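Colleague: following is a predicted model, sequence given first.
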Amino acid sequence: MKKFLAMLLAALLVVSCFACNGGTGDAGKNDSKVEIDANDPYAAKDFAYPMDGTVTLSINMTKTDEAELPNWVKGHYFWDVIEEKTGIKLEYIGSASKPQETSEEFSLLLTSGEYPDIMQANWITFKGGPSAAINDGYIIALNDYKAYFPGLAGWLESDEEANKTVSMDDGTWFCFPNFGNARETSGTGFAIRQDYLDAIGEEAPQTVEEWYNVLTKFKNELNLTAPLTFEARWFFLEYAAAGLSSPWGVCYPFFVEGDDVKFGPTEEGYKEFVTEMAKWYAEGLIDKDLASVDKSTVQSKFASGEAGLALQQIRNIQNCLKANAEDPNYQVIGLTSMVMNEGDTPEMGHYNNPFNGGCSTSISTQCENIGACARFLDYAYTEEGALFFAYGEEGFAWDYVDGTPTFRDIVTNNEETPDAQAARYFVAQFANFSLHALDTRSHMGAEVLEIQKSFETNMNKYSYPTVTYTEDEVKTISKWNDIDTTCRERILGFILGNEDLANWDSFIEEINGMGLQDVLKVRQDAYTRFKNR
Amino acid sequence: MIDARSKGDRLVDLIIIVVMLALGVVMLYPMVYELFVSFSEPAALIRHRGLLLWPLGFDTTAYELVISNHQILTGYGNTLFLVVAGLAVNMSMTCLGAYCLTRTHAYWHRYMTIFVLITMYFSGGLIPSYLTVRGVGLYNSLWACIIPGAISTYNMIILRSYFSSIPESLVESVFIDGGGHMTVLFKIFIPLSLPAMAVMVLYYGVGHWNSWFNANLYLQERSKWPLQLVLRNILITGSNLDLGSTVVADYEMLEKSMKAAMVIVTTVPILAIYPFLQKYFVGGMMIGSLKE
Amino acid sequence: MATNKKGRGAEIRLDFQKNKVVYFMFVPVVIFFLVFHYYPMSGIILAFKDFKPAHGIWGSAFTGMFGFEHFVTFFSGVHAQRTITNTILISLYQLIFGFPMPIILAIMLNELRSPKFKKVMQTVTYFPHFISTVVVCGMITEFCLSDGLFNQISGFFGAEPISMLSEPGMFRTIYVASGIWQAMGWDSIIYLAAIAGIDTQLYEAASLDGAGRFKKIWHITLPGIKSTVVILLIMQIGKMMSVGSEKILLLYNPSTYKTADVISTYVYRKGLLDQDYSYSTAVNLFNSVINFALVYFANAVSRKLTETSLF
């Protein structure tokens, strides 16, 4: 037996010697400054799209087959037209699920050693961040090639805040960012049944007291089984339930106030917030199944009328409205975050950072024609390109009406593709390299837009930005996983009444013992560096 | 003999039938539920909570959208190829391996078994497997979904244990008649193990039918995708809305009924084939007498 | 095995002459396992390294603590002990309650007198296998709500409605029971095949001797499927540390972490944050070693007790 194992081991060793074929990309950053030739056509002042059509670039994504497109789109599909407009041919490499989003599959792409010219990835969550991605030789730093992308460079140089957000700490540009805007940053919020409010003779609630009062009446007078419903995990998703904790000036997990980074649960108001929620839950004002409901159950409860107030994404609120389109009684209005006293401004609410690193687009080290590649990506940041990414082809998908771009019926009222949002995605989409500067929501309907408007708060002041960490910091920050687990467990326990609030201090002690202060310090350092970029 | 059933025996029969019927309802309901959901009106589904005892309204949009997808047909074709070619490879390799592992007289027998068993527990993970498949040139070929899974160690062990219940005297009689190991395998082991062979066909076949993970990793061209990957992609593109596809229309409204329609579309063909296999392991075959 | 070296060599040569056809037949199988299993096993070394895709499997640097850093990180985590305990407990429940179910079902199916009914029942019981985990979990969640099916049933007997999936005490029951429901029919197929392989003459002879139904089950059916049962049992014991993450991720929530958080879900959550491929390789390696040791042990016991063994 021993001998056999020894043989096996030997065999393994021999076999494994052949195993080291995977990805031996040249590591190390090229420190010498790149000089762009004065005659380089891609850097020329009078450069104009489209390019000559001789360059093919590979990109890690999949494209819908011609045969799968609805007939009206054929010849006008976004990804076909973009090739015409830029004069670049694209070669799509990628699998069905977007490889850049699942770490394992993305690791496969990196390990294979064959990178596409254009790499869509989330380098922020990548181990070591964008600096590791550049040092390990996956992607290139863009600053030296500025002449190739005047659109992006021009924007970043003129908008200091944006520049700060999408650069690395040392000012390096690593991607063509997918940069959202305020309109898309709060797509989640509260919706309440106006007809229910009428039935109990109340106005839309604002203060904690009014909320409590309305929910109590929902329960007692209308016999609702779940007056307020949402998914419990939203307490712990970044800022998803900040609208509830806003009156106490706290939210989960990290937020900033001035120059300081704060951790919600250890701040003063958090215990009071939890106490209030526990009271609501105990009195049956919050869905009894808070902990186990999922997105579609919340949607069903709000659509069926079992819940009078729900915290949902705007899409789901829209679905509830659609499902009850024939019921004239079903009326919904949006509700802004709670406040403590009459007249306070709602400070916190759901918020997405305009740039979270997700799905931004970089140029890989294996790209042979950086000029053409940068020019292709930069198209999205030109005036003409921005219009195309937002609305599609002028004259096919939209026209100027009184100076504003307005979708044609082919988008808003198409029989083959009745959902206007889906129709827009065929002719125009914010790809992973784009600047969402233009409002394209006109097709969503006034009622929904009105609801979404009420989600807006001052959260951009408090939101912790997208930062990058050093390698040492990455090690410290990995403590966060356990702390987060403990927080979720204990806090939800307090709210559901499984644990006595008298134990709150021991909970704080426990998470401090797990290294919370170290994590907080790293967060603070990274934020300070961010501020000083 | 016919009327030999005692009262107690009949009672036991009754109990078994009642238990079975109850079990049947519990096992059948989810499928029926899916069927009802697939035919329900999307808006009514959103408003509905709890059990469904009948479709809510009647609406075939979900099926129209699933079936109108142009890739569904090629998907079926590719899956059929995977099942047929895959089964041929699986069955021959597994039978070969299982047979060799029953030769307990061979000196290396135990080591052969351990050699095989280790692979059931230790694996290098996704990345080295991926590199291997690329390395042997299977990338972007449907064979990448077949060859790396040619033998399921688990199945091979099951088949081996079935094989080893065949009396050794039968094997020896073949040798005496001048036959070799191949003769033993094809003339004795396989014919005498039809129930186990049917199980293998079912386990491997359904595995191929439901597979999408490897296809997703290794197949770049959409024209090569098997059915399950096509369906998955419809859902994924639908949920992201930014890859574009015919079926995203009103996607979120249709999500539930489309998922259900997909379950029905993929399961029905298997149910149609199943009775052909079933006869091998239900209803007493006279295998026993063959063995003598 | 106490033969001297020369004797052993001769034995091997003799064996090769006698069994060379068998060995040749095994060659394709060996090649398959070498290429697609043993060669990729080199990836196990990543458990001791910090994997960087650009450097490849062999180029990546070893971790600190003599390469054992990932293991130390795992075991020193505050929740490590809990996840290991939960994993083992869920596996144990699956073994105790889940393992016998398909056997009982197969025997019951075999006892049905009407062949038509038998066939229909057999088909129906494996339906749940074809419904994806996501859909199954959606149904379980719905049924477990405080106004869901289960509470309606228990309410019929006067019980207070509870939100079942928020109760740590009920999670394992729900998980294991739904698992049995999903797999029972599908897993029974193998036993049905084993029963079909039993010599029908044995039953006839027993009937002539006046043996009753239970006697026949006890003395003919069970011994007839014994080796299959034992083999499957040993393999099941070897899955002790592998409780998959997919279904638990869909069913658990922070209020049930206490009983529901297992190794795979813990690694999953960590992976979301840290994207550490080598860390999960390390944890998998730990699981594999335990699993293999268990199989080895179970096999030894079984060889002594039942004379049936895997190897």
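Modeller: Cool, the structure landed.
Colleague: quick one: the strands in the chain?
Modeller: If you meant another chain, say so; for now it's chain A. A:55-60, A:88-93, A:118-121, A:178-179, A:188-193, A:228-229, A:254-257, A:260-263, A:309-313, A:332-335, A:360-363, A:398-401, A:404-407, A:434-435 (DSSP state E).
Colleague: can you look at chain C instead?
Modeller: So, for chain C - with DSSP E - the strands run C:49-50, C:61-62.
Colleague: counting contacts, what elements does the last one pack onto?
Modeller: Meaning strand C:61-62. Here strand C:61-62 touches strand C:49-50, going by 3 or more Cβ pairs under 8 Å, 6 or more residues apart in numbering or on different chains; DSSP states H and E. C-beta coordinates here come from the backbone N, C-alpha and C atoms, glycine included.
Colleague: partners of the strand it packs on, with directions?
Modeller: strand C:61-62 (antiparallel) (DSSP bridges).
Colleague: now the partner strand: how far from the chain's centre is it?
Modeller: Strand C:61-62 sits 33 Å away from the centroid of its parent chain (Cα atoms, centre = their mean, to the nearest Å).
Colleague: pLDDT of that strand, averaged?
Modeller: Throughout strand C:61-62, pLDDT has a mean value of 88.
Colleague: over to stretch B:169-177?
Modeller: Computed over stretch B:169-177, the average pLDDT equals 89.
Colleague: just stretch A:66-80 next, same as before
Modeller: Mean pLDDT, computed over stretch A:66-80, is 84.
Colleague: show the end-to-end separation of that stretch, please.
Modeller: End-to-end distance for stretch A:66-80: 10 Å, by Cα to Cα, to the nearest Å.
Colleague: from the middle of its chain, how far away would it be?
Modeller: For stretch A:66-80, the distance to the chain centre is 27 Å (Cα atoms, centre = their mean).
Colleague: same deal with stretch A:369-378?
Modeller: Taking mean C-alpha positions (Cα atoms, centre = their mean), stretch A:369-378 and its chain are 26 Å apart.
Colleague: contacts for it, please.
Modeller: A:40-43, A:47, A:49, A:51, A:55, A:57, A:86, A:88, A:117-118, A:140, A:142, A:145, A:148-152, A:176, A:361, A:363, A:367, A:385, A:433 (Cβ atoms under 8 Å, 6 or more residues apart in numbering or on different chains).
Colleague: kindly recompute the last result at 6 Å.
Modeller: Contact with stretch A:369-378 is made by A:40, A:42, A:55, A:57, A:86, A:88, A:117, A:145, A:148-149, A:151-152, A:176, A:363, A:367, A:433, as judged by Cβ atoms under 6 Å, 6 or more residues apart in numbering or on different chains.
Colleague: go on, stretch A:205-223?
Modeller: Residues outside stretch A:205-223 that contact it (Cβ under 6 Å, 6+ apart): A:I200, A:E202, A:L224, A:P227, A:L228, A:P247, A:G284, A:L285, A:G308, A:M338, A:V339, A:E342.
Colleague: what packs against the helix or strand containing B:V133?
Modeller: Element membership for B:V133, per DSSP states H and E: helix B:126-135. Secondary-structure packing of helix B:126-135 (3 or more Cβ pairs under 6 Å, 6 or more residues apart in numbering or on different chains; DSSP states H and E): helix A:103-111.
Colleague: the helix it packs on versus strand A:88-93: what angle between them?
Modeller: Orientation check (axes from the mean of the first three to the mean of the last three Cα atoms, to 10 degrees): helix A:103-111 against strand A:88-93 gives 120 degrees.
Colleague: where does the chain have low pLDDT?
Modeller: Answering for chain A, as no chain was given. Residue ranges of chain A with pLDDT under 70: A:1-33, A:94-104, A:181-185, A:358-359, A:437, A:442-444.
Colleague: oops, chain C please
Modeller: Counting by pLDDT under 70, chain C contains low-confidence residues at C:1-6, C:273-274.
Colleague: so what are the domain limits for it?
Modeller: Recorded structural domains for chain C (assignment: automatic domain parsing) are C:5-38, C:77-275.
Colleague: nearest to chain B, of those?
Modeller: Of all the domains of chain C, domain C:77-275 sits nearest to chain B, with 2.6 Å by Cβ to the nearest Cβ.
Colleague: and the closest one, does that touch chain A?
Modeller: Yes - under the criterion of Cβ under 6 Å from any Cβ of the partner chain, chain A is reached by domain C:77-275 at C:77-78, C:145-146, C:163, C:165-166, C:253-255, C:257, C:270, C:273-275.
Colleague: distance check, A:E347 against A:W248.
Modeller: Going from A:E347 to A:W248 by Cβ to Cβ, to the nearest Å gives 10 Å.
Colleague: nearest to A:G445 among the residues of domain C:77-275 next to chain A?
Modeller: Set against A:G445, the nearest of these by Cβ to Cβ is C:L145 (31.3 Å).
Colleague: need the contact list for the closest one.
Modeller: Each residue near C:L145 by Cβ under 6 Å, 6+ apart is listed here: A:D289.
Colleague: what distance do you get for it to A:L290?
Modeller: Counting by Cβ to Cβ, the gap from C:L145 to A:L290 is 11 Å.
Colleague: most tightly packed of the strands of chain C?
Modeller: Per-stretch averages of neighbours, counted by mean count of other Cβ atoms under 10 Å in any protein chain shown, single out strand C:49-50 among the strands of chain C, with a mean of 20.
Colleague: still on that earlier bit, which of the strands of chain A sits closest to B:L53?
Modeller: Proximity to B:L53 (Cβ to Cβ) singles out strand A:228-229 among those, at 25.1 Å.
Colleague: report all helices and strands that the helix or strand where B:N155 lies contacts.
Modeller: B:N155 belongs to helix B:153-163 when assigned by DSSP H and E. Applying 3+ Cβ pairs under 6 Å, 6+ apart, we find helix B:153-163 packed against helix B:71-102, helix B:109-121, helix B:194-210, helix C:222-237.
Colleague: next, count neighbours for A:W173.
Modeller: 22 (other Cβ atoms under 10 Å in any protein chain shown).
Colleague: got phi/psi on the closest residue to it other than its chain neighbours?
Modeller: Counting by Cβ to Cβ, 6 or more residues apart in numbering or on different chains, A:W173 lies nearest to A:L142, which is 4.2 Å off, once chain neighbours are set aside. Main-chain torsions, A:L142, degrees, to the nearest 10: phi -90, psi -20.
Colleague: you'd agree A:L142 is up against A:C175?
Modeller: No - contact criterion Cβ atoms under 6 Å: A:L142 and A:C175 do not qualify, at 7.7 Å.
Colleague: more neighbours: the two, which one.
Modeller: A:C175 (29 against 23).
Colleague: what sits against the closest residue to that one other than its chain neighbours?
Modeller: Once flanking residues are discounted, A:C175 sits nearest to A:S360: 4.0 Å by Cβ to Cβ, 6+ apart. Contact analysis of A:S360 by Cβ under 6 Å, 6+ apart lists A:C175, A:P177, A:N178.
Colleague: would you format those residues as a markdown table with distance to B:R47 included?
Modeller: Formatted as a markdown table, the contacts of A:S360 follow (distance: Cβ to Cβ, whole Å):
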| residue | distance to B:R47 |
| --- | --- |
| A:C175 | 43 |
| A:P177 | 41 |
| A:N178 | 36 |
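Colleague: tally of neighbours for the residue of the stretch 101-250 of chain A found nearest chain C?
Modeller: Minimum separation of the stretch 101-250 of chain A from chain C (Cβ to the nearest Cβ) falls at A:L110, amounting to 3.3 Å. Using other Cβ under 10 Å, A:L110 is surrounded by 23 other residues.
Colleague: how close does it sit to chain B?
Modeller: Plainly put, A:L110 is 9 Å away from chain B if you go by Cβ to the nearest Cβ, to the nearest Å.
Colleague: count the residues that sit near the closest residue to that residue other than its chain neighbours.
Modeller: In space, and not counting its chain neighbours, A:L110 is closest to C:P53: 3.3 Å by Cβ to Cβ, 6+ apart. The burial count assigned to C:P53 is 25, neighbours taken as other Cβ under 10 Å.
Colleague: state the distance from C:P53 to C:L46.
Modeller: Taken as Cβ to Cβ, the span from C:P53 to C:L46 is 11 Å.
Colleague: all set now, cheers.
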